[in-house]
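Have a look; sequence and predicted model below, questions after that.
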Amino acid sequence: MSPFRRAARGGALAPVCNMVAAFLLLLLLLFCSPVTVTAATYGSKIEAGETECYTEIVEAGGTLGFTFRVTDGGAFDVNAVMKVRSTPPVDKTAELSRFHYNARFAGLRDRQRETVLNTWQRATDGSYTYTAPSVLRTRHGLPEEVSVCFDNSFSTLSPKWVRFNVMKRDVMEVDPDAVGKVENAMEEELHRYGSILFGLAQDANALQLVGESDRVKLNALATIMAAGLVLNVMVLLTMATYQYVSLSRFLARQVRHGKFTISTK
């Protein structure tokens, strides 16, 4: 009998092998996990009296995280509204085959409804996380369209600079042909940790936008302080010049009238 088998029977190497196998399986699931996260940061200038909208497509069961902040312009505020356009769910999965040739179901497919998710009034920043219904709820699994509109119509002169971040996370898909429950359990655990990381990423994006806004405010404050310093220096120079000229004229006038003499002794 080989030493390897004796050690395994003795229990010294078995836990190590199990830990290594579990670690390798975890790495494999991390690299092969069907859950993907995409993120992008945008910047936009909303002119005074204008409204701009942006849209994103969210797959069934997917999650979209949205964060925005006004970084410059006016009182650092803007109106915003977040909406979702979706197809109503069907009662049975078998009805999906009638979507394309049955008038009633074709109308149901094309008659999308729009729902307001959240609104912000004269807000400096804001965030919202939306999760689309899964295929089990809608039965059709059609994607949804999420739109965000920034409204600066209340402003008559000042444009607003807005930076916003959009994160999308696909739905977790469990392989039905998995050989055991361990893989499914690990995928669910990875999905749970992914949800936690998704929330942390949302918070990090919000902090990043706060930093951008604070940087803009700091630059504006530094510019104002520099302009004030230059103005103070100019005022002091003007006052000193005026006092010198006035005093010189006064003394010259007094000398001409003999009321004031200057001795050089």
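Thanks, I have the structure now. Numbers count the residues shown, from 1 in each chain.

what about the longest helix in the chain?
As assigned by DSSP state H, the longest helix anywhere in the chain is helix 181-256.

For it, name the packing helices and strands.
Using 3 or more CB pairs under 8 Å, 6 or more residues apart in numbering; DSSP states H and E as the contact test, the elements touching helix 181-256 are helix 14-32, strand 37-46, strand 63-72, strand 125-131, strand 160-169. Where C-beta positions appear, they are placed from N, C-alpha and C, glycine not excepted.

Try it again at 7 Å.
Secondary-structure packing of helix 181-256 (3 or more CB pairs under 7 Å, 6 or more residues apart in numbering; DSSP states H and E): helix 14-32, strand 63-72, strand 125-131, strand 160-169.

my guess is residue 140 contacts residue 87, does it?
Yes. At 6.4 Å, residue 140 counts as touching residue 87 under the criterion of CB atoms under 7 Å.

ok so, going back, lowest mean pLDDT across the helices and strands packed on helix 181-256, which one is that?
For the helices and strands packed on helix 181-256, mean pLDDT drops lowest on helix 14-32, to a mean of 47.

the bottom helix or strand of the protein by mean pLDDT?
helix 3-10 (a mean of 37; mean pLDDT, DSSP states H and E).

Surely residue 89 is in contact with residue 135?
No. Taking CB under 7 Å as the definition, residue 89 is not a contact partner of residue 135, at 9.9 Å.

Flag the shaky bits of this protein, pLDDT-wise.
Within the chain, the segments meeting pLDDT under 70 span 1-39, 92-110, 171-200, 202, 213, 259-265.

list the contacts for the residue nearest to residue 46 when sequence neighbours are not counted?
Take residue 46 and drop its neighbours on the chain: the residue closest to it by CB to CB, 6 or more residues apart in numbering is residue 152, 4.2 Å away. Residue 152 makes contact with 46, 47, 48, 49, 50, 78, 160 under the criterion CB atoms under 7 Å, 6 or more residues apart in numbering.
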